[in-house]
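K.L.:
Just to be clear, the model below is a prediction. Sequence and coordinates:
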Amino acid sequence: MIISKFSGRLANNLIQNIGLSLLGEKLNLKVSSYKVNPEILKFNLNLWREGRVLEKKSPLNIYEDKDIDILFEDQFEPKSSFVFKGNFQNGEFLLRNKSKIKKMFRYKKDPAFNSSKLILMIRLADVAHLSPPYDFYKEAIADMQKKLGLSTKIEGYIASDTPNHKMVKKLAKKHNFKIITADATDTLKYAARFKNFILTGGSYHWLAAFLADAKNVIYPEHTYMWHGDIYSHFKWTKKDWKKFAPIRYFLLQNYFWKFDYFILTLRKTKKFFKRIISIY
């Protein structure tokens, strides 16, 4: 039996379910449990449910993402149940199993959009200080226009976890793009109908472009990899953003944890004083 350990939110959990299913099928082992909630059920995943149940020997062997290649080797044959507590965020593994993974998603899919439609997926909220600035997206839109042809009239959409953020509104107004207002599940399904993407990064944005089998994808260079390398193995365009915010770029690349801690603490402090002021 493969004992599962889950972390993260929607996209992370979908990828974890998929990885566990592939591993269970490869080893003919039962997966102890999958992550199931109303959001995940909407994707109607076809997951491996069969397999052997091996003895639990203490201490249990624990495997992580760094061990994926070992686990999927032909000669790997576990003698007892083990724990997998990774996220399966390994770009080579996901690309190698692309066709099989896409077939696992059995929800009713609407037709793909035409090649003139573009979606910007902008993650801000808790990671706004890690995301590229406005000028990155502005230039990326110009880059996409060149890819599609200067004569192509782009019909643009923006999906964001913070649709009321000033940057999202500014981009929408500047380029006459429509802001999508839907929950995470419906947004992911909708985004998977596009062929052209400009992304912030993260597993959620990656999964949208992956499910779409996107033709043109522009994503930012990572200053700090908070997830596995799930981008570089795909034929997508990595775009530098250092020139747009050199100081922040430097801090993220060299002092990530200190900078991240400082910003998050500052936000909490501001919220605290706002509550105090509102009381009085």
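P.N.:
Alright, I've got the coordinates. Numbers count the residues shown, from 1 in each chain.
K.L.:
I'd say residue 42 and residue 183 touch.
P.N.:
No - Residue 42 is not in contact with residue 183 according to C-beta atoms under 8 Å; the separation is 9.7 Å. From N, CA and C alone the C-beta is placed, and that goes for glycine too.
K.L.:
Looking at these two, which one has more neighbours?
P.N.:
The residue with more neighbours, out of residue 42 and residue 183 and counting by other C-beta atoms under 10 Å, is residue 42; that gives 14 against 10.
K.L.:
Report pLDDT for that one.
P.N.:
The pLDDT attached to residue 42 in the predicted structure is 95.
K.L.:
likewise residue 225?
P.N.:
As summarised for this prediction, residue 225 has a pLDDT of 70.
K.L.:
and it, which of the three is it?
P.N.:
Three states are possible here, and by DSSP: H, G, I helix; E, B strand; the rest coil the one that applies to residue 225 is coil.
K.L.:
Return the residues in contact with the most centrally placed residue in the chain.
P.N.:
Most central in the chain under C-alpha atoms, centre = their mean is residue 203, positioned 1.3 Å from the mean C-alpha point. Contacts were defined as C-beta atoms under 8 Å, 6 or more residues apart in numbering; by that measure residue 203 touches 8, 11, 12, 15, 87, 89, 227, 230.
K.L.:
Reformat those residues as TSV; add neighbour count and distance to residue 144.
P.N.:
Supplementary listing: these in TSV, determined by neighbours: other C-beta atoms under 10 Å; distance: C-beta to C-beta, whole Å:
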residue	neighbour count	distance to residue 144
8	17	29
11	21	23
12	20	27
15	25	26
87	22	29
89	22	26
227	19	24
230	25	21
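K.L.:
Residue 47: which of the residues you listed is nearest?
P.N.:
Distance to residue 47 across the contacts of residue 203 (C-beta to C-beta) is lowest for residue 15, with 12.4 Å.
K.L.:
Which residue comes closest to that closest one once chain neighbours are left out?
P.N.:
Closest residue to residue 15 apart from its sequence neighbours, by C-beta to C-beta, 6 or more residues apart in numbering: residue 88 at 5.4 Å.
K.L.:
Show me how the record splits this structure into domains.
P.N.:
Here the chain is described, according to automatic domain parsing, as comprising the domains 2-104, 117-258.
K.L.:
now the ones you listed as JSON lines including distance to residue 278?
P.N.:
Below are the domains of the chain laid out as JSON lines (distance: least, C-beta to C-beta, whole Å):
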{"stretch": "domain 2-104", "distance to residue 278": "29"}
{"stretch": "domain 117-258", "distance to residue 278": "20"}
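K.L.:
Out of those, which gets nearest to residue 271?
P.N.:
With C-beta to C-beta as the criterion, residue 271 lies closest to domain 117-258 of these, at 12.7 Å.
K.L.:
Would you mind listing the buried residues in the strand or helix carrying residue 190?
P.N.:
Element membership for residue 190 (DSSP states H and E) is helix 184-191. Of the residues in helix 184-191, 185, 187, 188, 189, 190, 191 count as buried by neighbour count, 16 or more other C-beta atoms under 10 Å.
K.L.:
One more: stretch 57-65?
P.N.:
Within stretch 57-65, the residues that count as buried by 16+ other C-beta under 10 Å are 63, 65.
K.L.:
The spatially closest residue to residue 224 that is not a sequence neighbour: neighbour count?
P.N.:
Of all residues beyond its chain neighbours, the one nearest residue 224 is residue 256 (4.3 Å), with distances taken as C-beta to C-beta, 6+ apart. Counted with other C-beta under 10 Å, the neighbours of residue 256 add up to 15.
K.L.:
All set, thanks.
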